[in-house]
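Undergrad: everything below, folded, please.
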Amino acid sequence: MRAKRWFTDRPVADEELRQVLEAGRWTGSARNRQPWRFVVVHSRAVRQQLAGLGAYAGHLATAPVVIALGVEEDAGGEDAQFDAGRAAQNMMLAAHLQGLGSCPASFFPEANADRASRLCGLTPPWRARTAISIGHPAPPPDGTSAIPTGRLPLAQLVTEISEPRH
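TA: As a prediction, the model looks like this:
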């Protein structure tokens with residue numbers, strides 16, 4: 001599954017969106033705290049404002065729908081953001097299985113996360129640091145991506161610790 005940042009104008013069907021949200025709902029979380037809420041953003045004006053709140057969030061403006069993840073970090077504990085990432089990945093996989101494209105966006109610095117939260121109607125202790133664009137993928141425009149492509153080899157990513165040999 002690759003991140004898709006370009007979308008057609010075709011809307012996401014209600015049932016497709018429901019399946020994506022169900023995948024997020026059923027995601028496991030530490031001690032089953034479920035420290036997330038999903039804000040579905042259909043409003044073009046709000047999507048455009050969200051797109052300006054992260055260095056790589058521009059794709060939020062052109063997606064037919066955006067799901068912002070509200071996270072309650074206090075009650076969710078130190079693993080709340082990790083759990084929210086699990087929910088985001090599950091939703092992205094569910095989108096992919098339906099032929100939809102998706103891409104996460106992060107809202108940083110802190111002031112951007114605060115503004116994104118307000119735009120999504122979240123009040124403390126809920127906060128949006130992440131949103132996912134979802135739509136029917138379109139080919140990227142001509143040009144070279146500034147983002148590196150390809151994957152590092154497994155040998156560069158894995159270290160093994162084994163039992164000592166006698």
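Undergrad: neighbouring contacts of the lowest-mean-pLDDT helix or strand in the chain?
TA: Across the helices and strands of the chain, the lowest-confidence element by mean pLDDT, DSSP states H and E is helix 73-76, at a mean of 74. Helix 73-76 has contacts (Cβ atoms under 8 Å, 6 or more residues apart in numbering) with 29, 30, 33, 35, 36, 80, 81, 83, 84, 125, 127. From N, CA and C alone the C-beta is placed, and that goes for glycine too.
Undergrad: again, only using 7 Å
TA: Outside of helix 73-76, the residues within contact range by Cβ atoms under 7 Å, 6 or more residues apart in numbering are 33, 35, 80, 81, 83, 125, 127.
Undergrad: after that helix comes which helix or strand?
TA: Using DSSP states H and E, the next helix or strand after helix 73-76 towards the C-terminus is helix 80-97.
Undergrad: what strands flank the following helix or strand past that next one, and is each parallel or antiparallel?
TA: Helices and strands here follow DSSP H and E; after helix 80-97, the next one along the chain is strand 101-106. Take DSSP bridges as the rule and strand 101-106 pairs in its sheet with strand 126-135 (antiparallel).
Undergrad: which other helices and strands contact the next helix or strand after the strand it pairs with?
TA: Remark: after strand 126-135, the chain's next helix or strand is helix 154-157, criterion DSSP H and E. Packed against helix 154-157 by the contact rule (3 or more Cβ pairs under 7 Å, 6 or more residues apart in numbering; DSSP states H and E) you find no helix or strand.
Undergrad: where does the chain have low pLDDT?
TA: Applying pLDDT under 70 to the chain flags residues 1, 76, 144-148.
Undergrad: still on that earlier bit, compare the contacts of helix 73-76 and tell me which is most surrounded.
TA: residue 35 (25 neighbours; other Cβ atoms under 10 Å).
Undergrad: so what's the residue count around the residue nearest to residue 7 when sequence neighbours are not counted?
TA: Taking Cβ to Cβ, 6 or more residues apart in numbering as the measure, residue 7 lies nearest to residue 135, with 3.3 Å between them; neighbours along the chain are not counted. For residue 135, the number of neighbouring residues by other Cβ under 10 Å comes to 25.
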